[in-house]
Structure formats: structure tokens, C-alpha cells
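> Generate coordinates for the sequence data below:
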Amino acid sequence: MEQGPQLPQGGLKRGADMELVPAKKSRTDVIEYDPNSGSKPARTSSLLSPIMLLEGHEDEILAARFSPKGDVVASAGAERGVYIWKTYGECENAIMQPNHRGTIIDLTFNYDGTSLYTASIDKTVGVWDVATGSRIKRLKGHTKFVNAVGETKKGEPFVVSGSDDCQVRVWDVRRKGSVINLNSEYQVTAVSFGENQEQIISGGIDNEIKMWDLRNASVAQSLQGHKDTITCLKLSPDGSYILSNSMDNTLRVWDVRPFAPENRCMKVFSGHSHGFEKYLLNCAWSKDGQRIASGSADRFVYVWDTHTRQIQYRLPGHEGTVTSVDLHPTEPILMSAGVDKQIYLGEIDFA
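Coordinates of the predicted model:
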């Protein structure tokens with residue numbers, strides 16, 4: 001059986017490109033309870049405390065993700081390096097050396113969590129070994145900022161990236177250079193693979209979502225409905241739907257199955273805001289597809305019920321725009337990160 005990245009107990013083993021970071025980790029129990037009851041509410045996760053506040057970044061955080069197994073969190077932003085944190089225990093952390101020459105805008109793990117892909121304003125996509133912290137490769141070809149990066153779900157070493165150069169590129173990390181280049185008319189700000197490796201989904205400043213057929217390198221369908229730039233695209237756990245976040249202050253769920261109805265927009269969610277800074281705010285699905293989450297310029301984290309479209313949680317704590325959110329793959333844990341340089345891990349009740 002293949003093992004995912006292991007950050008050992010009692011300290012982090014690290015390669016030449018990874019060093020320990022002085023980081024503050026505080027635990028705060030904010031759950032209200034009756035002191036006369038003699039006990040606090042039942043815990044719902046394996047976190048050391050119901051809320052873990054991770055501090056160590058010295059500049060704004062623009063991207064953060066759980067690993068596929070949920071035992072590790074990766075975060076990055078203006079510092080040009082990637083922080084790796086343990087999810088459990090005291091959330092020990094390390095930093096990969098800042099080998100990018102500019103801000104990291106987006107990141108994602110590969111299918112098994114052993115590698116990490118980063119998108120940077122230095123016009124490159126970085127490929128990293130999570131266990132050692134070393135950069136394996138730098139993928140070059142884009143001529144302007146790389147805004148987004150996405151991974152395949154099937155275990156193949158393919159990466160997709162979107163850039164201000166109006167191109168979507170597909171990379172095989174075993175090879176030099178991109179294997180497919182797709183030309184868009186406008187800057188590309190969000191990308192995702194579809195359920196299979198023959199489909200790419202992209203969004204940009206033209207407010208449209210494009211479904212690309214890689215067999216002929218053409219747009220199979222354009223999804224229209226958003227009124228402003230697409231900031232994030234996330235495929236649902238079952239591969240049937242794509243979740244889009246937009247600067248028009250809505251999220252939408254689209255049916256991307258081959259024989260879906262002509263009107264593919266299934267649901268619209270509102271409540272969060274993007275603000276004047278125009279950050280590329282992230283979004284996320286829960287593992288069961290029952291909930292979605294997004295950051296917001298109003299400093300709150302929002303969680304919606306996908307069936308009722310109602311806001312289930314509006315969570316405070318951040319002191320600036322919340323740029324990135326993720327939901328744990330196996331436990332009811334919500335992660336959020338923002339321009340205030342802070343990361344929160346908090347257990348939530350999905351009952």
C-alpha cells in the first residue's frame with residue numbers, strides 16, 4: 001500500500017530545502033455551554049482543540065488546502081514559499097524554501113498528497129515533494145502571471161494551469177514543456193480538470209466558464225450566467241458538477257455531465273462578498289457534496305447547504321479578507337486563511 005506524506009511525531013524531518021518556522025499556535029475554545037452542566041458539548045473532530053489558530057506567515061495568505069488524507073495543510077501567498085502544517089496535535093510546521101520569484105496565487109496537492117503544485121506571478125508552475133520540501137521541477141511556458149492550477153483525480157501526473165497570457169496549459173510533470181495549449185480570448189483566472197482527463201474547465205475575466213474537449217483542443221460548451229470574473233472552479237466529489245465563485249458575489253453549481261440539460265446552472269448561492277481588492281477567492285465542497293464554502297471580503301467564512309441554498313454558518317475570526325477555504329476530506333473540519341496572515345482549523349457540526 002502506498003503511503004502519503006508523513007510528518008513524524010516529535011519533530012519534522014526535512015530535506016535541504018525545508019526549514020522549521022517559528023510559529024505561534026493557539027487553541028481557543030469558543031463553544032458556549034452551560035457551566036452548571038459539568039461538561040462541554042461533545043467534540044466532533046480529532047483536532048487538539050475545537051479551534052486551532054495557526055500563525056507563522058509574515059505576509060498575506062492567498063491559497064491553502066488540506067492534503068487528500070487530511071493529515072497535512074499547505075498554505076502559501078506573498079512570501080513565495082509554501083508552509084506545511086500538521087492538521088492534528090500541536091500543528092507542527094515547516095516551510096519550503098521560497099524558490100518562486102513572486103507571489104504564489106494558487107496551490108493544490110496531487111491525488112495522493114505526495115506532490116504539491118503551485119501557481120505564481122513569476123509565470124511558472126512549481127512541482128514540490130511534500131515529504132522533503134524540495135522543488136522537483138519548475139514548469140515554464142506561460143508568459144504572464146499564472147493564476148490557477150488544478151490536478152487530475154485519476155492518479156496520472158497531469159497538471160492544468162491558467163494564466164493572464166490567455167492560455168490554459170496541460171502539463172505532464174514527467175516531460176519538459178506543456179503537452180497541450182488552449183488559447184482563450186481573455187485572461188484565465190480559474191481551472192479544473194473534469195471527471196476524466198479529456199475535459200478541462202476554465203473561467204476568466206469574460207465571466208464565462210468554458211468546457212474544453214482535449215481530444216480536439218476546442219471549447220465544447222460555454223456556461224454563461226456570472227456577471228463578473230470567475231475566481232475559482234471546484235469539481236464536485238462525484239465529478240458531476242462544477243462549483244464556481246465569482247466577483248459578482250455569487251457561487252453557482254453547474255451540471256457538467258455529458259448529457260445534462262441545456263440550462264446547466266442548477267443553483268445560485270449568495271451572501272458573501274468580494275470587495276474592492278478583487279482577490280481570487282477560493283471555494284470548496286464537502287466530501288459528501290452536501291455543503292459548499294467560500295471566503296469573503298467581509299472577514300467571514302460562509303458555509304451553505306447545497307440542498308436548501310441557505311447559509312448554514314457565517315463564521316467570524318479573521319481580521320481581513322478570507323481568501324481561501326477548504327473542508328476536510330474525512331472529518332467535519334473547516335479550514336480558512338486570509339490576508340491577515342492567519343489560518344483557522346475549526347470543527348463544525350454538520351448534523
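> List the buried residues for stretch 166-184?
Buried residues in stretch 166-184, counted by 16 or more other C-beta atoms under 10 Å: 166, 167, 168, 169, 170, 171, 173, 178, 182, 184. The C-beta positions use only the backbone N, C-alpha and C, and glycine is treated the same way.
> got a markdown table for these, with secondary structure too?
Output for these, formatted as a markdown table (DSSP: H, G, I helix; E, B strand; the rest coil):
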| residue | secondary structure |
| --- | --- |
| 166 | coil |
| 167 | strand |
| 168 | strand |
| 169 | strand |
| 170 | strand |
| 171 | strand |
| 173 | coil |
| 178 | strand |
| 182 | strand |
| 184 | coil |
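> Including pLDDT and distance to residue 244, could these go into TSV?
Shown next, in TSV, are those (pLDDT from 0 to 100; distance: C-beta to C-beta, whole Å):
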residue	pLDDT	distance to residue 244
166	98	19
167	98	20
168	99	16
169	98	20
170	98	20
171	98	23
173	94	26
178	96	24
182	98	18
184	96	16
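> dump the residue contacts of the residue nearest to residue 141 when sequence neighbours are not counted.
Leaving aside its sequence neighbours, residue 141 sits nearest to residue 178 (C-beta to C-beta, 6 or more residues apart in numbering; 5.0 Å). Neighbour list for residue 178: 139, 141, 169, 170, 171 [criterion: C-beta atoms under 8 Å, 6 or more residues apart in numbering].
> do you know how far the last one is from residue 75?
So that's residue 171. Look at residue 171 and residue 75: by C-beta to C-beta, to the nearest Å, they are 23 Å apart.
> Could you do the third one as well?
Taken as C-beta to C-beta, the spacing of residue 169 relative to residue 75 amounts to 24 Å.
> and what of the fourth one?
The gap separating residue 170 from residue 75 is 26 Å, by C-beta to C-beta.
> residues touching the residue nearest to residue 168 when sequence neighbours are not counted, list them.
Leaving out its chain neighbours, the residue that sits closest to residue 168 by C-beta to C-beta, 6+ apart is residue 182, at 4.1 Å. Residues near residue 182 by C-beta under 8 Å, 6+ apart: 167, 168, 169, 170, 200, 202, 212, 217.
> hang on, isn't residue 162 packed against residue 144?
No. The criterion here is C-beta atoms under 8 Å, and residue 162 misses it with residue 144 at 10.7 Å.
> Remind me what the strand or helix carrying residue 107 packs against, helices and strands.
Per DSSP states H and E: residue 107 is located in strand 104-109. Here strand 104-109 is seen to pack against strand 61-66, strand 72-77, strand 115-120, strand 146-151 when contacts are counted using 3 or more C-beta pairs under 8 Å, 6 or more residues apart in numbering; DSSP states H and E.
> pLDDT averaged over that strand - what is it?
For strand 104-109, mean pLDDT is 98.
> Please report how far residue 89 lies from residue 336.
Distance, residue 89 to residue 336, using C-beta to C-beta: 20 Å.
> Burial check on residue 317, number of neighbours?
The burial count assigned to residue 317 is 18, neighbours taken as other C-beta atoms under 10 Å.
> Would you report the backbone torsion angles of it?
Main-chain torsions, residue 317, degrees, to the nearest 10: phi 130, psi -40.
> For it, give me its contacts.
51, 53, 299, 301, 336, 342, 344.
> ok, those vs residue 82, which is closest?
residue 342 (16.6 Å; C-beta to C-beta).
> Hmm, residue 53 and the closest one touching each other?
Yes. Contact status for residue 342 versus residue 53: in contact at 6.3 Å, counting by C-beta under 8 Å.
> Looking at these two, which one has more neighbours?
Legend: neighbour count by other C-beta under 10 Å for residue 342 and residue 53, higher for residue 342 (20 against 17).
> Tell me the spacing between the more buried one and residue 320.
From residue 342 to residue 320 the distance is 9 Å (C-beta to C-beta).
> can you check residue 62 too?
For residue 62 relative to residue 320 (C-beta to C-beta), the value is 12 Å.
> Could you do residue 50 as well?
With C-beta to C-beta as the criterion, residue 50 and residue 320 are 23 Å apart.
> Which one of the two is surrounded by more residues?
A side-by-side neighbour count of residue 50 and residue 320, using other C-beta under 10 Å, places residue 50 first with 20 against 17.
> can I assume the more buried one is in contact with residue 348?
No. Residue 50 is not in contact with residue 348 according to C-beta under 8 Å; the separation is 9.2 Å.
> From residue 133, how far off is the closest residue in space to residue 239 that isn't next to it in sequence?
With C-beta to C-beta, 6+ apart as the criterion, residue 239 has its nearest non-adjacent residue at 3.1 Å, and that residue is residue 195. According to C-beta to C-beta, residue 195 and residue 133 sit 32 Å apart.
> likewise residue 171?
Here the distance between residue 171 and residue 133 works out to 21 Å (C-beta to C-beta).
> and what of residue 329?
Look at residue 329 and residue 133: by C-beta to C-beta, they are 22 Å apart.
> more neighbours, these two?
Using other C-beta under 10 Å, the more surrounded residue of residue 329 and residue 133 is residue 133, with 23 against 16.
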